[in-house]
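Q: Okay, predicted coordinates and the sequence, questions at the end:
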Amino acid sequence: MSDASKANGDGSTSGDGAVVRRRLTVSGRVQGVFYRESLRRLAVEKGIGGWARNTRDGLEAVLEGPEPLVDELVKWSRKGPPHAVVIHVQVDDEEPTGEREFRVR
């Protein structure tokens with residue numbers, strides 16, 4: 001935990017918002033359209049930790065980091081990269097675990 005987080009006492013980091021963890025379940029045409037790689041690039045650019053993997057019915061991802069930045073990626077996930085056809089995105093909050101790097105599984 002950073003000194004700023006300790007000082008704030010609420011888990012927030014120097015104006016970036018509280019750290020959150022959100023699990024996304026994305027359905028639609030999201031495989032074979034660079035969805036996972038596009039999400040990875042955006043997550044790395046924004047300093048978001050977590051992972052993404054294909055599932056039988058679409059894609060599952062976990063995003064962890066400052067709430068405003070995670071929310072940007074959740075918003076992006078509802079559209080995805082150019083050739084994706086996103087039908088539905090389920091978002092579930094989870095307790096943060098300290099993930100700092102983003103991986104494609």
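A: Received the coordinates, thanks.
Q: what about the helices in the protein?
A: 3-8, 35-46, 67-77 (DSSP state H).
Q: could you measure the residue nearest to residue 72 when sequence neighbours are not counted against residue 17, distance?
A: Excluding the flanking residues, the one nearest residue 72 by CB to CB, 6 or more residues apart in numbering is residue 46, at 6.9 Å. (Each C-beta comes from the backbone N, C-alpha and C, glycine too.) Noted for residue 46: a distance of 12 Å to residue 17, by CB to CB, to the nearest Å.
Q: what's the overlap in contacts for the two?
A: Common contact partners of residue 46 and residue 17 (CB atoms under 8 Å, 6 or more residues apart in numbering): residue 69.
Q: before we move on, back to that, give me the number of neighbouring residues for the residue nearest to residue 72.
A: 16 (other CB atoms under 10 Å).
Q: repeat for residue 59
A: Other residues close to residue 59 by other CB under 10 Å number 23.
Q: distance of it from residue 92?
A: 14 Å.
Q: And for residue 63?
A: In terms of CB to CB, residue 63 sits 11 Å off from residue 92.
Q: just for this structure, where's the confidence low?
A: The model of the chain has pLDDT under 70 over residues 1-16.
Q: run the last query once more with 90
A: Flagging of the chain using pLDDT under 90 yields the residue ranges 1-17, 57.
Q: center of it, which residue is that?
A: Most central in the chain under CA atoms, centre = their mean is residue 63, positioned 2.6 Å from the mean C-alpha point.
Q: can I assume residue 23 is in contact with residue 55?
A: No - with contact defined as CB atoms under 8 Å, residue 23 does not count as touching residue 55 (11.8 Å).
Q: which residues are common contacts for residue 63 and residue 92?
A: residue 22.
Q: Run a quick neighbour tally on residue 95.
A: Count around residue 95 with other CB under 10 Å applied: 7.
Q: actually residue 94, sorry about that
A: Neighbours of residue 94 (other CB under 10 Å): 12.
Q: ok, for it, nearest residue in space, not its chain neighbours?
A: residue 21 (4.5 Å).
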